[in-house]
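Novice: When you get a sec, could you give me coordinates for this:
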Amino acid sequence: MKNELMLPNPLVKKYVPSIKNGQAIDLGAGNGNNALFLASEGFKVDAIDINKDAINSIKKRSRELKIELNAKKIDIREFPFNKKYDLILAIQSLIFMKKSEFKIIISKIKRSLNRNGIAIISSFTTTDASYKRFTAERKPVEKNTFYSKGTKQYWNFLEKNELKKYFINKKFRILSYEEFIMKDNPHEETPYPHQHGIARIAVTLIK
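Specialist: All right, here's what the predicted structure looks like:
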């Protein structure tokens, strides 16, 4: 019942049994569901997020559920990546950075994965409704990257198969890859109907 309340990402739930505990990190942990689920399954979890309220909420929930994890407020771009992990999550958390920064973080994720470890990454694509809106309103600051004065952050969008290309080499095996359109949550308060274009990958380090 405890795990069901956490509602982890489907790919997280799918691949956790093949890892059997270990070190895990959730980059941009958000509501903490994935981090708390992993910690409840026996993983030693680092959960980081730039949002102070998100981190405080994760800490509060971990105390209530009597689950141990390490939650820290920090920008992903400033995280040192000074140890190896068996599971690395970056689920819809690398969107808000420039393309050049995105590439750096992907490289750090690749270097920080243990052999036979798994990385699960998802991000927006150029099929996203926001991308179409940005291209109509402003010029990119980098390729497929825009700055929003309203949200005071960058928005980076991936081209078709771009996320997959970062992992096409002899060191990694792609376990799953998909690109799809997801409609906005009907329960969310949004100023206009929209949809998200998403690329999602799970990879393992084999060498």
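Novice: the domain parsing of this protein - what is it?
Specialist: 22-74, 88-207 (automatic domain parsing).
Novice: okay, how far is it across the first one, tip to tip?
Specialist: Right, domain 22-74. 22 Å (Cα to Cα, to the nearest Å).
Novice: on that earlier part again, tell me the most buried of the domains of the chain?
Specialist: domain 22-74 (a mean of 19; mean count of other Cβ atoms under 10 Å). Any C-beta I mention is one placed from the backbone N, CA and C, and that applies to glycine too.
Novice: Report the distance from that one to the chain centre.
Specialist: 13 Å (Cα atoms, centre = their mean, to the nearest Å).
Novice: Please, where are all the helices along the protein?
Specialist: Per DSSP state H, the chain carries helices over the ranges 2-6, 10-19, 33-40, 52-65, 99-111, 129-137, 162-165.
Novice: Just grab the bridge partners of the residue nearest to Glu179 when sequence neighbours are not counted for me.
Specialist: Nearest non-adjacent residue to Glu179, counting by Cβ to Cβ, 6 or more residues apart in numbering: Ala199, 4.8 Å away. Judged by DSSP bridges, the bridge partners of Ala199 are Ser123, Glu179.
Novice: from what I can see Ala199 touches Glu162, true?
Specialist: Yes: between Ala199 and Glu162 there is a contact under Cβ atoms under 8 Å: 7.2 Å.
Novice: isn't Phe102 right up against Leu94?
Specialist: Yes: between Phe102 and Leu94 there is a contact at 5.4 Å, judged by Cβ under 8 Å.
Novice: Mutual contacts of those two, please.
Specialist: Ser123, Asn156 (Cβ atoms under 8 Å, 6 or more residues apart in numbering).
Novice: Thr125: what's it in contact with?
Specialist: Neighbours of Thr125 in contact, by Cβ under 8 Å, 6+ apart: Tyr131, Phe157, Leu158, Glu159, Lys160, Glu162, Glu179, Gly197, Ile198, Ala199.
Novice: Go through the residues you listed and name the one nearest Ile121.
Specialist: Ala199 (8.4 Å; Cβ to Cβ).
Novice: residues contacting the closest one?
Specialist: Contacts of Ala199 (Cβ under 8 Å, 6+ apart): Ser122, Ser123, Phe124, Thr125, Leu158, Glu162, Leu163, Lys164, Tyr177, Glu178, Glu179.
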